[in-house]
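Q: after the sequence you'll find the predicted model.
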Amino acid sequence: MTTILPRPLDLPEFPWDQLAPAKARAAEHPGGICDLSVGTPVDDTPAFIREALADASNAHGYPTVIGTAEVRDAILAWGARRGMVDVGHGGVIPTIGSKEAVAWIPALLGVRAGDTILVPEVAYPTYDIGARLAGATPVAVDPTNPDSWPDAALVYLNSPGNPDGHVMSKDELRAVVGWARAHGAVVVSDECYAALPWSQPYVSEGVPSLLDVDVCDADASGLLVLYSLSKQSNLAGYRGALIYGDPQLVAPIVSTRKHSGLMVPAPVQHAMAVALRDTEHVERQRSVYAVRRALLLDALTDAGLDVDPDSAAGLYLWVADPAHPRDSWALVNRLADLGILVAPGDFYGTAARGRVRVALTATDERVQVAAARIREAWATR
């Protein structure tokens with residue numbers, strides 16, 4: 001008898017597999033590849049966080065899904081520093097990285113076939129995947145224009161945005177909250193790049209959160225924020241992240257996670273708590289990225305490429321070649337010939353075609369080399 005499993009899921013091709021030929025071409029450069037395609041931190045995890053992980057390594061028992069009191073206290077303190085509404089211990093949990101939360105929150109909240117999930121029209125692909133895994137229909141929308149949206153069960157936001165670095169203003173966030181409450185929808189805001197502002201007023205005032213007291217009127221109902229320590233603390237390998245928001249939404253998420261064994265390891269929870277309490281290392285890392293960003297921004301601008309001026313925060317520059325305004329791959333291939341790998345806008349939705357994402361997550365030496373290659377190549381065009 002022929003088995004009926006596995007059945008194919010309604011998922012697109014994994015986008016990064018399409019970049020393999022360009023990566024191979026870039027790797028052939030005699031000076032080596034400068035990989036600016038993936039936002040993977042390359043700098044060391046701070047020593048005090050590694051020590052915290054080691055200090056908690058005698059973890060003979062199972063960790064709790066809800067998280068230790070220590071990590072939940074640290075998450076709440078982090079939220080208070082950002083001006084977010086106090087949701088109490090019942091409104092916070094640690095998660096196994098923020099991508100896991102993005103992908104599974106719809107299913108954990110009971111989204112099902114027939115429901116609609118709204119995703120930003122230029123966006124990280126996993127929002128679309130989260131809708132598909134729940135059997136729902138993803139619909140791409142302009143996140144700044146809720147008056148144009150169809151009815152939906154859940155809305156994803158991403159501010160600062162990946163790949164474009166756009167930041168939603170408090171007024172824009174308020175409009176989303178108003179729309180969601182009028183339509184009975186949940187809003188999930190992925191704010192994992194909030195610690196990396198580059199433009200005023202965000203450098204001095206901080207990046208606005210969906211759960212800012214004056215955005216949500218001090219009411220977390222129907223609202224969730226996701227955050228990751230991967231970027232601010234170079235903890236991508238720890239898979240340490242969090243959900244912060246409406247306790248009435250967090251409770252069913254916790255319940256289902258208990259049944260399915262989705263637990264953050266106890267040593268990672270302690271390391272997260274230590275990292276969340278310290279702000280100095282976050283600012284030091286931001287300063288490192290600021291230097292790399294300035295080098296790449298100057299080189300790309302001097303080459304006559306169009307760097308999106310609204311890329312106000314995050315780990316990426318959002319770039320187009322005026323000579324090929326609708327063809328992302330032309331610029332991907334041009335840079336690959338220089339040994340520089342970037343991500344095509346096509347990975348981030350049809351509205352993103354024509355641009356490429358240039359990551360700041362390479363070593364100082366590789367960023368310097370990439371900037372020099374761009375300047376030299378475009379100077380001779």
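A: That came through, no problem.

Q: hey, let's count contacts and neighbours off CA atoms from now on
A: Fine.

Q: quick check: mean pLDDT of whichever helix in the chain runs longest?
A: Using DSSP state H, we find that the single longest helix of the chain is helix 280-302. Taken as a whole, helix 280-302 carries a mean pLDDT of 97.

Q: again, but for stretch 363-375
A: Averaged across stretch 363-375, the pLDDT comes to 97.

Q: equivalent analysis for stretch 36-50, please.
A: On average, stretch 36-50 scores 96.

Q: in it, which residues are buried?
A: By 16 or more other C-alpha atoms under 10 Å, the buried positions in stretch 36-50 come out as 36, 37, 38, 39, 40, 41, 45, 49, 50.

Q: same deal with stretch 21-33?
A: For stretch 21-33, the neighbour count (16+ other C-alpha under 10 Å) marks 22, 23, 25, 26, 27, 33 as buried.

Q: please enumerate residues in contact with that stretch?
A: Here stretch 21-33 makes contact (C-alpha atoms under 8 Å, 6 or more residues apart in numbering) with 34, 332, 333, 335, 336, 337, 338, 339, 340, 341.

Q: looking at those, which are in helices?
A: 332, 333, 335, 336, 337.

Q: nearest spatial neighbour of the last one, skipping sequence neighbours?
A: What that stands for is residue 337. residue 26 (6.0 Å; C-alpha to C-alpha, 6 or more residues apart in numbering).

Q: from residue 340, how far out is that neighbour?
A: Look at residue 26 and residue 340: by C-alpha to C-alpha, to the nearest Å, they are 6 Å apart.

Q: show me whatever sits in contact with both of these two.
A: Between them, residue 26 and residue 340 share the contacting residues 33, 34, judged by C-alpha under 8 Å, 6+ apart.

Q: and residue 75, what pLDDT?
A: At residue 75, pLDDT is 98.

Q: may I have the secondary structure class of it?
A: helix (DSSP: H, G, I helix; E, B strand; the rest coil).

Q: test my guess that it contacts residue 276.
A: Yes - using C-alpha atoms under 8 Å, residue 75 is in contact with residue 276, at 6.9 Å.

Q: mind listing the shared neighbours of these two?
A: With contacts taken as C-alpha under 8 Å, 6+ apart, residue 75 and residue 276 have no neighbour in common.

Q: who's more crowded, the two?
A: Taking other C-alpha atoms under 10 Å, residue 75 and residue 276 do not tie; residue 75 has more neighbours (27 against 22).

Q: any idea how far residue 81 is from the more buried one?
A: The spacing between residue 75 and residue 81, counted by C-alpha to C-alpha, is 10 Å.
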